[in-house]
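Provide a 3D model corresponding to the input given below.
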Amino acid sequence: MIKKRDTQDEEPLKSTNIGKSFSKIKKDKRIALMPFVMAGDPDLETTAKILLQLQENGADMIELGIPYSDPLADGPIIQLAASRALSSGTSPEKVFKMLSELRNDLFVPIILFTYCNPLLNAGLEEFCLEASKVGVSGLVVPDLPLEEAEKLSKIAESKDIDLILLVAPTTPMDRMRKIAETSNGFTYLVSVTGVTGERSSLEDNVENLVRQLKSSSSSPVAVGFGISDAKHIQEVRRWGADGAIVGSALVKRIANATYSKKVEEAASFCRELRIATD
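Numbering: from 1, shown residues only. You can find the predicted model right below:
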């Protein structure tokens, strides 16, 4: 369960990119566990500890949210987390500083989840450059239209960052294929119609969507939005998905824990979820 950096690898940082991670996980005959946490909730010092504990307890990649005041794709749990993070003074610059300080200890791929406005405010080139400097492997921008993705994808790729695009249950098949072909690293399949949030069950058409995506592109498929427990991970694994992204359920556990127990709670839930990926 505990991951160690391979000191014999001549290029350890390059070995942690998303594509190579998925290849290794596939050889292990399991799917990737990809927890989501909101940077700065409740503060960046705690986030740093949580990131390391998620890595220690089985996370294969980690999606790290940059708080934004108008998170259209997020449900109430993650919206509240973003609000708390903004109240604690979290900014993209401070997130990059935190990741920079973890550079020698955090080696699972980090995928930033942000929105168009913070990217445009920072400048696409500048944002991707700073992300690259601190070892970010991927970028998810849920409000980025496919038609605008090409420019950002080229910039991100020049910095060794994968721009990951989302497919929704309502996406027409032709457009779904185009998104899967354009997405780098993996295709992010949104399992529900609507925003992020815990669900008691997954929608019936997710199985077909996974299969359609797998048949139309060689890109790995990771399912998110609504993956809430070990049972859901086992389900999407059975359907042929390559990864499971768990967000609101983890964010809620962290939020409900007392301050001194937040890191421990994240680690415990991650261990529980990791077992289901085998």
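
Please count neighbours and contacts with C-alpha atoms only from this point.
Fine.

What are the boundaries of the helices in the protein?
Listed in chain order, the helices of the chain (DSSP state H) span 18-27, 44-56, 76-87, 92-101, 116-122, 124-133, 146-158, 173-182, 206-216, 230-238, 248-256, 262-275.

nearest to Val108, of those helices?
Smallest distance to Val108 across the helices of the chain (CA to CA): 6.7 Å, for helix 44-56.

Rounded mean pLDDT for that closest one, please.
For helix 44-56, mean pLDDT is 98.

Redo the helices of the chain as CSV? Include mean neighbour count and distance to Pro67.
What follows is the helices of the chain, written out as CSV (neighbours: other CA atoms under 10 Å; distance: least, CA to CA, whole Å):
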stretch, mean neighbour count, distance to Pro67
helix 18-27, 16, 23
helix 44-56, 20, 12
helix 76-87, 20, 5
helix 92-101, 18, 8
helix 116-122, 14, 9
helix 124-133, 18, 15
helix 146-158, 15, 20
helix 173-182, 18, 25
helix 206-216, 17, 28
helix 230-238, 19, 26
helix 248-256, 21, 13
helix 262-275, 20, 19
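
Now render the ones you listed as a markdown table, adding distance to Ile62.
Putting the helices of the chain into a markdown table (distance: least, CA to CA, whole Å) gives the following:
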| stretch | distance to Ile62 |
| --- | --- |
| helix 18-27 | 11 |
| helix 44-56 | 8 |
| helix 76-87 | 16 |
| helix 92-101 | 12 |
| helix 116-122 | 20 |
| helix 124-133 | 14 |
| helix 146-158 | 18 |
| helix 173-182 | 21 |
| helix 206-216 | 21 |
| helix 230-238 | 16 |
| helix 248-256 | 12 |
| helix 262-275 | 11 |
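
What score does Ser218 have for pLDDT?
87.

can you check Asn121 too?
Looking at Asn121, its pLDDT reads 93.

same question, Glu150
Glu150 carries a pLDDT value of 90.

Contacts only, for it.
Thr182 (CA atoms under 8 Å, 6 or more residues apart in numbering).

any idea how far Ile161 is from Asn184?
Per CA to CA, to the nearest Å, Ile161 is found 9 Å from Asn184.

between these two, which one's more packed in?
More crowded of Ile161 and Asn184, by other CA atoms under 10 Å: Ile161, with 25 against 22.

show me the contacts for the more buried one.
Counting by CA under 8 Å, 6+ apart, Ile161 touches Cys128, Ser132, Val136, Ser137, Gly138, Leu139.

Go ahead and confirm the second one touches Asp160.
Yes: if you go by CA atoms under 8 Å, Ser132 and Asp160 touch, sitting 7.0 Å apart.

thinking again about what came up before, out of the helices of the chain, which comes closest to Leu165?
Of the helices of the chain, nearest to Leu165 by CA to CA is helix 173-182, at 6.5 Å.

now the closest one against helix 206-216, angle please.
Here helix 173-182 points in a direction 60 degrees away from that of helix 206-216 (axes from the mean of the first three to the mean of the last three CA atoms, to 10 degrees).

now the angle from helix 173-182 to helix 146-158?
Orientation check (the same axes, to 10 degrees): helix 173-182 against helix 146-158 gives 10 degrees.

Against Tyr259, how distant is the residue nearest to Val167 when sequence neighbours are not counted?
Spatial nearest neighbour of Val167, excluding adjacent residues (CA to CA, 6 or more residues apart in numbering): Leu189 at 4.9 Å. From Leu189 across to Tyr259, the span is 33 Å (CA to CA).

And Ala244, by the same measure?
Taken as CA to CA, the span from Ala244 to Tyr259 is 27 Å.

what about these two, which has more around it?
Ala244 (29 against 11).

ok, that one touching Ile227?
Yes: with contacts counted by CA under 8 Å, Ala244 reaches Ile227, the gap being 7.1 Å.

which residues are common contacts for those two?
Contacts common to Ala244 and Ile227, judged by CA under 8 Å, 6+ apart, are Ile233.

List the residues that contact Met176.
Taking CA under 8 Å, 6+ apart as the contact definition, Met176 lies against Val167, Leu213.
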